[in-house]
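[1] Take this sequence and fold it.
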Amino acid sequence: MDQWSELILLFFIYSFIGWVWETIYCSINAGRFVYRGFLTGPYCPIYGFGILGVLYFLEPLKNNLVLLYFSSAVLVSVLEYLTSYALEKMFHASWWDYKDVPLNLNGRIALPVSAFWGIACVLIVKVIHPRIQVVSEYLVNQFHWVLPTLLSVILLVDLVYTVTNMQAFQRITKEVNDLLETRAKELSENVTERSETLKAEWEEWKQTLEQEIGERTAKQQAFLDELKSNSAVSQRLQRLNFSQRRWIKNYPKLSLRGLENPESVKRLVTSFKEKRKKM
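    Sure thing, here's the model as predicted:
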């Protein structure tokens with residue numbers, strides 16, 4: 001029992017450390033506090049699973065730094081790829097994207113990132129884990145099965161809450177996307193009529209191209225401003241809770257699959273939140 005208790009505690013400790021790392025790293029890059037994590041609580045389970053996998057499956061390699069490095073990089077990268085794939089299939093959303101990183105595979109993993117994970121895992125196995133193990137053993141001796149059970153229940157409740165949240169998030173963003181599409185089609189009819197006129201006045205159109213581009217940019221912004229004021233859109237955006245808005249704000253590379261205008265939907269959610277702050 002104590003062995004399982006320690007295993008669960010190690011999972012939560014490393015999940016928390018992973019959350020701290022991501023939050024600090026992303027906050028520095030963004031220049032503001034960024035609360036990371038798919039779940040609501042301060043933990044990222046992918047780090048817990050990944051590090052435990054390295055500690056237990058690669059334990060025979062811990063004295064061979066080269067094998068440990070490459071094996072860790074491969075193991076963690078496989079986990080990262082499978083997690084990205086599973087989240088996308090379950091929730092129709094991509095939570096990270098390495099397409100701008102050299103030598104990436106479908107944007108899910110990338111060689112430079114995998115190389116970093118290898119270094120991090122070697123550091124954890126050789127330096128950090130011996131100290132963390134002292135903490136986990138102390139906690140097991142003090143709380144036995146109680147603390148691991150409590151943390152597991154909290155994680156389970158958080159998981160159910162997050163999945164329910166994500167399903168509602170998908171419905172709301174789909175409704176907003178449909179409203180956006182309807183309005184866009186109405187405007188496109190006017191644009192089509194105007195383009196036919198412009199074709200007949202080709203020379204004049206060339207002379208006023210810059211003005212036309214400026215007008216279209218202004219119209220796009222006006223279009224989004226109009227949607228923000230649209231009661232049907234506002235009602236749906238108001239239904240987004242803190243966690244759902246946080247996903248949009250703190251995951252700039254979040255990709256919403258199955259929507260015709262995912263970026264416009266994200267911009268609407270972000271601008272609506274800023275508008276509410278000013279009110």
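[2] now for whichever strand or helix holds Glu80, which elements pack on it?
    Taking DSSP states H and E as the criterion, Glu80 maps to helix 65-91. Judged by 3 or more C-beta pairs under 8 Å, 6 or more residues apart in numbering; DSSP states H and E, the packing partners of helix 65-91 are helix 45-57, strand 93-94, strand 109-110, helix 111-123. The C-beta positions use only the backbone N, C-alpha and C, and glycine is treated the same way.
[3] Kindly recompute the last result at 10 Å.
    Contacts defined by 3 or more C-beta pairs under 10 Å, 6 or more residues apart in numbering; DSSP states H and E place helix 65-91 against helix 45-57, strand 93-94, strand 109-110, helix 111-123, helix 146-200.
[4] how far does it sit from the chain's center?
    16 Å (C-alpha atoms, centre = their mean, to the nearest Å).
[5] For that helix, could you pull out the residues that count as buried?
    Buried residues in helix 65-91, counted by 16 or more other C-beta atoms under 10 Å: 68-69, 71-73, 75-77, 79-80, 83-84, 87, 91.
[6] distance of Ser114 from Val66?
    15 Å (C-beta to C-beta, to the nearest Å).
[7] again but with Leu7, I slipped
    28 Å.
[8] and what of Lys126?
    13 Å.
[9] try Ile46
    Taken as C-beta to C-beta, the span from Ile46 to Val66 is 25 Å.
[10] my read: Leu105 touches Asp97, true?
    No: when contacts are counted by C-beta atoms under 10 Å, Leu105 is not listed as touching Asp97 (11.8 Å).
[11] higher neighbour count, those two?
    Asp97 (18 against 12; other C-beta atoms under 10 Å).
[12] Doesn't the more buried one lie inside a helix?
    No: using DSSP: H, G, I helix; E, B strand; the rest coil, the assignment for Asp97 is coil, not a helix.
[13] give the contact list for it.
    Taking C-beta atoms under 10 Å, 6 or more residues apart in numbering, we find Asp97 in contact with Ser84, Asn104, Asn106, Gly107, Arg108, Ala110, Tyr251, Pro252, Lys253, Leu254, Ser255.
[14] so what's the first one closest to, chain neighbours aside?
    To tie it back to what came earlier, the one meant is Ser84. Nearest residue to Ser84, sequence neighbours excluded (C-beta to C-beta, 6 or more residues apart in numbering): Arg108, at 4.1 Å.
[15] Could you list which residues are in contact with the one you found?
    77, 80-85, 88, 94, 96-99.
[16] thinking again about what came up before, between the helix holding Glu80 and helix 45-57, how big is the angle?
    Angle, helix 65-91 to helix 45-57, by axes from the mean of the first three to the mean of the last three C-alpha atoms, to 10 degrees: 140 degrees.
[17] Let's check: the centremost residue of this structure is which one?
    Trp95 (3.3 Å; C-alpha atoms, centre = their mean).
[18] just checking, that one touches Phe38?
    Yes: the pair formed by Trp95 and Phe38 meets the contact definition of C-beta under 10 Å, at 6.5 Å.
[19] so how far is Pro252 from the residue nearest to the centre of the chain?
    From Trp95 to Pro252 the distance is 11 Å (C-beta to C-beta).
[20] Repeat that for Leu7.
    35 Å.
[21] just Ile17 next, same as before
    23 Å.
[22] number of nearby residues for Glu181?
    Quick note: Glu181 (other C-beta under 10 Å) scores 14 neighbours.
[23] average model confidence for stretch 127-147?
    The pLDDT scores in stretch 127-147 average 94.
[24] Over to stretch 163-181?
    81.
[25] need the helices and strands packed on helix 65-91 in TSV with distance to Val135, can you?
    Below are these laid out as TSV (distance: least, C-beta to C-beta, whole Å):
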stretch	distance to Val135
helix 45-57	14
strand 93-94	35
strand 109-110	31
helix 111-123	17
helix 146-200	12
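[26] Of the ones you listed, which is nearest Arg239?
    helix 146-200 (5.6 Å; C-beta to C-beta).
[27] Domain map for this protein?
    2-144, 161-278 (automatic domain parsing).
[28] For these, give me a markdown table that also has distance to Leu150.
    Below are the domains of the chain laid out as a markdown table (distance: least, C-beta to C-beta, whole Å):
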| stretch | distance to Leu150 |
| --- | --- |
| domain 2-144 | 9 |
| domain 161-278 | 17 |
